[in-house]
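Novice: Model the following, please.
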Amino acid sequence: MLKRFLQPFYTIYVLATFLVCLLAAFPIFVLLGIWNKVWARRTIWNIVHYWAQAWLVLIGQPMIRRGNRPSKERYVYVANHISYMDTVLIYAAIPHYFRTLAKKEMASIPVFGFVYKQLAILVDRSSAHSRSRSLRLMWRMLKHECNIAIFPEGTFNEGTEPLKDFYDGAFRLAINTQTPILPTIFADTVHRWHYSAWWKLWPGRNRVIYLPPVSVADMDISQVSVLKERVHHQMTEALSKLKTGNRP
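Specialist: Modelled structure (predicted):
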């Protein structure tokens, strides 16, 4: 009963602080966005990275890391997707500059969409041309600029299984570029902001669990399904242990 009474006030507080921060930083992002240069994108990423960590503390949802902190080696990060809060947490959780793959619809959100375009590679999943183009862009980024982060489920997992089936893209990219996969678990975001309603926000910890990297050395494109299943199994096992109260 108390939670039901307090939740609307907490939700207003979270959304208000997010909007104030976004509007305050927007002129800086516009100025930096003029230059289509690596240093400008990296600067925007650094601002968002440290803001995300501070904002999560401000709203009572502090990030807690588990597992070995990722090294500076380049990775294809893959994470489970269960909440709107994942979009913020991923920028707090990954310690090194990356770009993520995101649905093109995100760019249509006023103000936020402009900023997100500076951070993400946008894709129209219904278009084979767009999917192919996004893979080429991610290949270029991995080779010459930064890490890549992908939610391989593509959208929220609203089922009863720990994970939905994965798309091939992240694993095809990893093999093509010979870049290891780093599976990452967001253990609590579904409880921080439930996918069923925009107002279902509630404070608490946000555990980020880094699983051991998965090597793709000597794998070829015919083994995409093998790699995908290997990572899916590793992440499913970790999530199942969390549900039973064990530490992965």
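Novice: mind checking the end-to-end distance for stretch 164-173?
Specialist: End-to-end distance of stretch 164-173 (Cα to Cα, to the nearest Å): 20 Å.
Novice: Now do the buried residues in that stretch.
Specialist: The neighbour-count check on stretch 164-173 (16 or more other Cβ atoms under 10 Å) flags Lys164, Phe166, Tyr167, Asp168, Gly169, Ala170, Phe171, Arg172, Leu173 as buried. The way it works is simple: take the backbone N, C-alpha and C, and place the C-beta from them, glycine included.
Novice: residue nearest the centroid of the chain?
Specialist: Ile90 (3.9 Å; Cα atoms, centre = their mean).
Novice: Flag every buried residue along the helix or strand containing Thr100.
Specialist: Taking DSSP states H and E as the definition, one finds Thr100 inside strand 98-103. Under the neighbour-count criterion of 16+ other Cβ under 10 Å, strand 98-103 has Phe98, Arg99, Thr100, Leu101, Ala102 buried.
Novice: Now distance to Trp202 and pLDDT too, for these, in a markdown table please.
Specialist: Formatted as a markdown table, these follow (distance: Cβ to Cβ, whole Å; pLDDT from 0 to 100):
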| residue | distance to Trp202 | pLDDT |
| --- | --- | --- |
| Phe98 | 28 | 97 |
| Arg99 | 30 | 94 |
| Thr100 | 25 | 91 |
| Leu101 | 28 | 84 |
| Ala102 | 25 | 79 |
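Novice: quick revisit: what packs against the strand holding Thr100?
Specialist: Counting contacts by 3 or more Cβ pairs under 8 Å, 6 or more residues apart in numbering; DSSP states H and E, strand 98-103 is packed against helix 38-58, helix 112-119, strand 120-123, helix 128-144, strand 147-150.
Novice: Leu239 is nearest to which of those?
Specialist: Among these, strand 147-150 comes nearest to Leu239, with 17.3 Å by Cβ to Cβ.
Novice: Sheet partners, orientation included, of that closest one?
Specialist: Applying DSSP bridges, strand 147-150 is found paired with strand 76-79 (parallel), strand 98-103 (parallel).
Novice: between the ones you listed, which one is nearest to Thr17?
Specialist: Of the strands paired with strand 147-150, nearest to Thr17 by Cβ to Cβ is strand 98-103, at 22.6 Å.
Novice: Now do the helices for this protein: every range, in order, please.
Specialist: Along the chain, counting by DSSP state H, helices occupy 2-33, 38-58, 86-93, 112-119, 128-144, 169-177, 189-192, 224-243.
Novice: Using a markdown table, lay out those helices together with mean pLDDT and distance to Arg74.
Specialist: Converted to a markdown table, the helices of the chain look like this (pLDDT from 0 to 100; distance: least, Cβ to Cβ, whole Å):
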| stretch | mean pLDDT | distance to Arg74 |
| --- | --- | --- |
| helix 2-33 | 93 | 23 |
| helix 38-58 | 96 | 14 |
| helix 86-93 | 96 | 17 |
| helix 112-119 | 82 | 17 |
| helix 128-144 | 86 | 6 |
| helix 169-177 | 94 | 9 |
| helix 189-192 | 95 | 25 |
| helix 224-243 | 95 | 17 |
